[in-house]
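S.K.: For reference, the sequence and a predicted model appear below.
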Amino acid sequence: MRLLPAIDIRGGRTVQLVGGKPGTERVSLPDPLAVALEFLDLGFEELHVIDLDAALGGGDNLALVRQLIARCPVPVQVGGGARSDDAVRALLAAGAARVIVGTRAVEDPAWLMRMAEEFPGQLVVACDAKGEMVVSRGWTESTAVGALELLASLDEVPLAGVLVTDVSREGRLAGIDTDLFQRLTRGTSHPLLAAGGVTALSDLEELRKAGAAGAVLGMSLYTGAIDARTALRAFKEPR
């Protein structure tokens with residue numbers, strides 16, 4: 001199973017928020033590049049980077065993201081504010097292995113299909129779920145779209161995968177909603193990356209049993225709830 005450490009950038013710093021809400025930082029570190037390199041030293045083989053300012057419509061950290069990609073010799077998937085052709089192309093041109101698209105993908109399926117056909121296997125659709133419903137625009141707006149409905153609608157789109165985040169548990173170290181991830185993993189033909197609530201090795205084991213392709217690890221790594229080397233020994237797929 002793939003394990004991806006999360007590097008969420010806000011105001012040029014690496015942060016970890018509770019439920020994605022500004023002002024709830026439990027972690028705030030000054031140098032995202034140093035954080036990324038430390039994760040690589042621990043043995044991680046890909047990174048998950050989110051530009052929170054771009055996601056929330058408050059500027060961006062594109063220059064910093066470009067620097068991070070250039071300095072890290074592993075695949076980096078990047079998200080946050082990728083809501084236009086130019087934004088997606090800019091991240092791929094910067095060297096992102098995959099670009100995460102959420103809001104525009106939910107609101108404009110025709111745009112998603114066009115971009116996925118232009119960049120097959122390079123887009124990941126974010127299914128940010130609160131309960132069974134999708135939220136968008138940096139998790140600030142509810143939609144009338146069900147998570148299972150969204151995933152089913154993506155089966156014919158040439159994606160790299162889908163990223164399902166349980167927003168209600170994100171950053172809270174509350175453990176995963178096993179039933180939710182079992183249902184959603186069965187509801188898609190794409191590789192599913194899980195995020196939100198991963199707190200212990202037992203959560204990773206449940207995700208593996210559910211058929212998840214991987215997990216994004218955030219608060220659990222930064223607080224030491226999960227030991228990185230132990231998790232990698234137990235779950236990293238051999239090359």
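M.R.: Here it is on my side, so go on.
S.K.: all strands of the chain, in order?
M.R.: Assigned by DSSP state E, the chain shows strands spanning 2-10, 13-16, 27-29, 47-51, 76-79, 98-101, 123-130, 133-136, 141-146, 161-166, 192-195, 214-217.
S.K.: Output the contacting helices and strands for the second one.
M.R.: Think strand 13-16. strand 2-10, strand 27-29, helix 32-42 (3 or more Cβ pairs under 8 Å, 6 or more residues apart in numbering; DSSP states H and E). Using the backbone N, CA and C atoms, a C-beta is placed for each residue, glycine as well.
S.K.: so which of the ones you listed gets nearest Asp155?
M.R.: strand 2-10 (20.8 Å; Cβ to Cβ).
S.K.: circling back: need the helices and strands packed on strand 13-16 in TSV with mean neighbour count and mean pLDDT, can you?
M.R.: As requested, the helices and strands packed on strand 13-16 are exported to TSV (neighbours: other Cβ atoms under 10 Å; pLDDT from 0 to 100):
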stretch	mean neighbour count	mean pLDDT
strand 2-10	23	97
strand 27-29	15	94
helix 32-42	17	98
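S.K.: Need the ones you listed in TSV (columns: distance to Gly197).
M.R.: Supplementary listing: the helices and strands packed on strand 13-16 in TSV, determined by distance: least, Cβ to Cβ, whole Å:
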stretch	distance to Gly197
strand 2-10	13
strand 27-29	16
helix 32-42	20
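S.K.: Nearest to Val198 among these would be which one?
M.R.: Closest among those, once you apply Cβ to Cβ, is strand 2-10, at 9.6 Å.
S.K.: got the buried residues for the helix or strand bottoming out on mean pLDDT in the chain?
M.R.: Every helix and strand of the chain was ranked by mean pLDDT, DSSP states H and E. The lowest is strand 141-146, at a mean of 82. Using 16 or more other Cβ atoms under 10 Å as the test for burial, strand 141-146 gives Thr143, Val145, Gly146.
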